[in-house]
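Novice: the amino acid sequence is not available; the structure is as follows:
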């Protein structure tokens, strides 16, 4: 299976090409493994894994597996769609949706074991094979995942509001402070980029090329990307809720709305390997008052297992085209177009 050529212009002059992303140091690659090991050491000291295994065997997989497959399917489709749109808005090369799938979904197997390397692999493919400027690729990627952070913050804010409206169990003060911080941060963030404030305050920050997407974006693009990424947020909630139900664990909606975005976020941070580590620690901390810790750990482990398994299976579809792309980089044709260049933008 080969990558089909797209309408193209001549590649940009060689002196305009940027260096490829640097490979993370061995320390950065080792950190997720060390942290995950420490988390599981803590879990082994805390719970009876024989009971965890029994809980896993008793889970209703008919409730668990379809939502997990749906979650990864939604993630893959939205990655192709939203990143493809973002590249058309902000990057100097416009890969087709198939080419976006190869660059991003093809890195899923690597992401399961070496997440820091997978991020570099994606960017390296865009730069080396599609001849995209590194800073513009990074700017497009940051803009695409930014709505995920906003949606998670909104979910936590909704949970805090529901606590007050329903008279539910009071939350830890940290979550109230976190909501206040989010409101202040995002109000300032949007005000900075969408008004003249960016021209009067921290102009060096404004001129960072990797943040060009926020400088160029209009309210319509913010709103469109937010809505395009929204199914991923709801698919995450649905998969985690079904996983809890499969183990007959019932958690208050307020706690669930706070925990779910944070647990998903931990799966992609350097505190996890293949989705294991951080999600299990947070699941124990958030849900320990509503079920036995062995049952909570069992459902979290199965969630991570199916999430990783389905991502690897999806990635295998595009892995061979990605390898071929690296091998035949000079033969790959990608559409290109000029990118708006705000006055004062630093190279």
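Specialist: Thanks, I have the structure now. From a predicted model like this one, the values you see are computed outputs, not experimental measurements.

Novice: ramachandran angles for residue 276?
Specialist: Residue 276 has phi and psi values of phi -100, psi 140 when expressed as degrees, to the nearest 10.

Novice: okay, residue 48: pLDDT?
Specialist: Here, the pLDDT recorded for residue 48 equals 93.

Novice: burial check on it, number of neighbours?
Specialist: By the criterion of other Cβ atoms under 10 Å, residue 48 has 13 neighbours. Just so you know, the C-beta spots here come from the backbone N, C-alpha and C atoms, and that holds for glycine as well.

Novice: and the closest residue to it other than its chain neighbours, what element?
Specialist: Excluding its sequence neighbours, the residue lying closest to residue 48 (Cβ to Cβ, 6 or more residues apart in numbering) is residue 294, at 6.0 Å. Using DSSP states H and E, residue 294 sits in helix 293-327.

Novice: name the helices or strands packed onto that helix?
Specialist: Helices and strands touching helix 293-327, by 3 or more Cβ pairs under 8 Å, 6 or more residues apart in numbering; DSSP states H and E, are helix 49-57, helix 61-90, helix 97-104, helix 108-113, helix 115-128, helix 219-246, strand 276-277, helix 278-287.

Novice: remind me what the shortest one packs against, helices and strands.
Specialist: I take that to be strand 276-277. Applying 3+ Cβ pairs under 8 Å, 6+ apart, one finds that strand 276-277 contacts helix 26-46, helix 293-327.

Novice: so after the longest one, what's the next helix or strand?
Specialist: Of the helices and strands lying after helix 293-327 in sequence (DSSP H and E), the nearest is strand 335-336.

Novice: partner strands of that next one and their direction?
Specialist: strand 93-94 (antiparallel) (DSSP bridges).

Novice: quick one: average pLDDT of the strand it pairs with?
Specialist: Strand 93-94 carries an average pLDDT of 93.

Novice: what pLDDT, on average, does stretch 274-284 get?
Specialist: 91.

Novice: cool, and stretch 247-256?
Specialist: What stretch 247-256 shows for mean pLDDT is 92.

Novice: try stretch 125-136
Specialist: pLDDT averaged over stretch 125-136 gives 93.

Novice: likewise for stretch 23-40?
Specialist: pLDDT averaged over stretch 23-40 gives 88.

Novice: tell me which residues in that stretch are buried?
Specialist: Buried residues in stretch 23-40, defined by neighbour count with 16 or more other Cβ atoms under 10 Å: 24, 32, 35-36, 39-40.

Novice: so what touches it?
Specialist: Contact with stretch 23-40 is made by 114-117, 120, 270-273, 276-278, 280-281, as judged by Cβ atoms under 8 Å, 6 or more residues apart in numbering.

Novice: contacting residues for the closest residue in space to residue 88 that isn't next to it in sequence?
Specialist: Nearest non-adjacent residue to residue 88, counting by Cβ to Cβ, 6+ apart: residue 94, 5.0 Å away. Residue 94 makes contact with 87-88, 334-337 under the criterion Cβ under 8 Å, 6+ apart.

Novice: make a ChimeraX selection of the buried ones in those residues.
Specialist: ChimeraX command restricting those to the buried ones, with burial defined by 16+ other Cβ under 10 Å:
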select :87,334,335,336
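
Novice: surely residue 264 and residue 236 touch.
Specialist: Yes: using Cβ atoms under 8 Å, residue 264 makes contact with residue 236 at a distance of 4.9 Å.

Novice: name the element residue 154 belongs to?
Specialist: In the assignment (DSSP H and E), residue 154 maps to helix 134-166.

Novice: tell me how far the next helix or strand after that helix lies from the chain's centre.
Specialist: Later in the chain than helix 134-166, the nearest helix or strand by DSSP H and E is helix 173-194. Put simply, helix 173-194 sits 20 Å off its chain's centre (Cα atoms, centre = their mean, to the nearest Å).

Novice: try stretch 283-294
Specialist: Counting by Cα atoms, centre = their mean, stretch 283-294 is centred 25 Å from the centre of its parent chain.

Novice: same question, stretch 115-130
Specialist: Distance of stretch 115-130 from its chain centroid, counting by Cα atoms, centre = their mean, is 15 Å.

Novice: ok, residues contacting that stretch?
Specialist: For stretch 115-130, contacts defined as Cβ under 8 Å, 6+ apart pick out 17-18, 20-24, 28-29, 32, 93, 95, 99, 102-104, 106-108, 110-111, 132-134, 137-138, 141, 268, 270, 272-273, 322, 325-326, 329, 332, 334.

Novice: just the buried residues of those.
Specialist: Neighbour counting by 16+ other Cβ under 10 Å classes 21, 24, 32, 93, 95, 99, 102-104, 106-108, 110-111, 132-134, 137-138, 141, 268, 270, 272-273, 322, 325, 332, 334 among the contacts of stretch 115-130 as buried.

Novice: for residue 72, which non-adjacent residue is spatially closest?
Specialist: Leaving aside its sequence neighbours, residue 72 sits nearest to residue 310 (Cβ to Cβ, 6+ apart; 3.9 Å).

Novice: burial measure for the one you found, as a count.
Specialist: For residue 310, the neighbour count with other Cβ under 10 Å is 20.

Novice: and residue 324, how close does it get to residue 267?
Specialist: Going from residue 324 to residue 267 by Cβ to Cβ, to the nearest Å gives 29 Å.

Novice: looking at these two, which one has more neighbours?
Specialist: Applying other Cβ under 10 Å to residue 324 and residue 267 shows that residue 267 carries more neighbours, namely 22 against 17.
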